[in-house]
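[1] Structure for this input, please:
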Amino acid sequence: MSKVLVISYNTFTWFYELKDVIKNSNDRFEVIIVCDDVDIPLWFEKKYDIKLCNEARYVQRKHDLMQVGKKLKIKKLQNLRYRDGCIDIEKLTISIQLLILMNKYSKVIYQSNKILESIIPAICKSLKIKCESF
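    Prediction:
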């Protein structure tokens, strides 16, 4: 069983794109979310015409992610809590490199996104691990 790191730019894209792959695999998956999406209202805010503060949205999404993670047997879920448009590329690059090195992932699957595409393939190449985008 190999360890696979999934890097998603936003909160739920990884789930919609990879849930079947994760569910049908024997690999151990861990997920990193780069941005916390707190500026985007939750579905029930529109339905019931209410407005939550950003921290309440973060807590609700964290709860939802933990529930999804349990069902898919995700071993680790981490949110780096960057804000879209306010990402320190150097800091993000170093964080991801260290995470990959410390956890000895055999593969990285990342969301097809301008920022992630600019750093993930180079990191994987330098560390000699497989990577693919979704």
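[2] what are the phi and psi angles of the spatially most central residue of the chain?
    In the chain, the centroid-proximal residue (Cα atoms, centre = their mean) is Ile33; its distance is 2.7 Å. In terms of degrees, to the nearest 10, the main-chain angles of Ile33 are phi -110, psi 130.
[3] Enumerate every residue touching it.
    If you count contacts by Cβ atoms under 8 Å, 6 or more residues apart in numbering, Ile33 has them with 8-11, 14, 65, 77-80. Backbone N, C-alpha and C define where each C-beta goes, glycine included.
[4] What of Arg28?
    The neighbourhood of Arg28, defined by Cβ under 8 Å, 6+ apart, consists of 1-4, 75.
[5] 7 Å instead?
    Counting by Cβ atoms under 7 Å, 6 or more residues apart in numbering, Arg28 makes contact with 1, 3-4, 75.
[6] Which residue is the nearest non-sequential neighbour of it?
    Lys3 (4.9 Å; Cβ to Cβ, 6 or more residues apart in numbering).
[7] now for the helix or strand where Pro121 lies, which elements pack on it?
    If you go by DSSP states H and E, Pro121 is part of helix 114-127. Under the contact criterion of 3 or more Cβ pairs under 7 Å, 6 or more residues apart in numbering; DSSP states H and E, the helices and strands touching helix 114-127 comprise helix 89-103, strand 107-110, strand 130-133.
[8] Next, give phi and psi for the residue lying closest to Leu65 once chain neighbours are set aside.
    Across the structure, with Cβ to Cβ, 6+ apart as the measure, the residue nearest Leu65 apart from its sequence neighbours is Leu77 (5.6 Å). Here the main-chain torsion angles of Leu77 (degrees, to the nearest 10) amount to phi -130, psi 130.
[9] can you pull the contacts of Leu77?
    Neighbouring residues of Leu77 by Cβ under 7 Å, 6+ apart: 31, 65-66, 69.
[10] Narrow these to those that are buried.
    Of all the contacts of Leu77 considered here, the ones buried according to neighbour count by 16 or more other Cβ atoms under 10 Å are 31, 65, 69.
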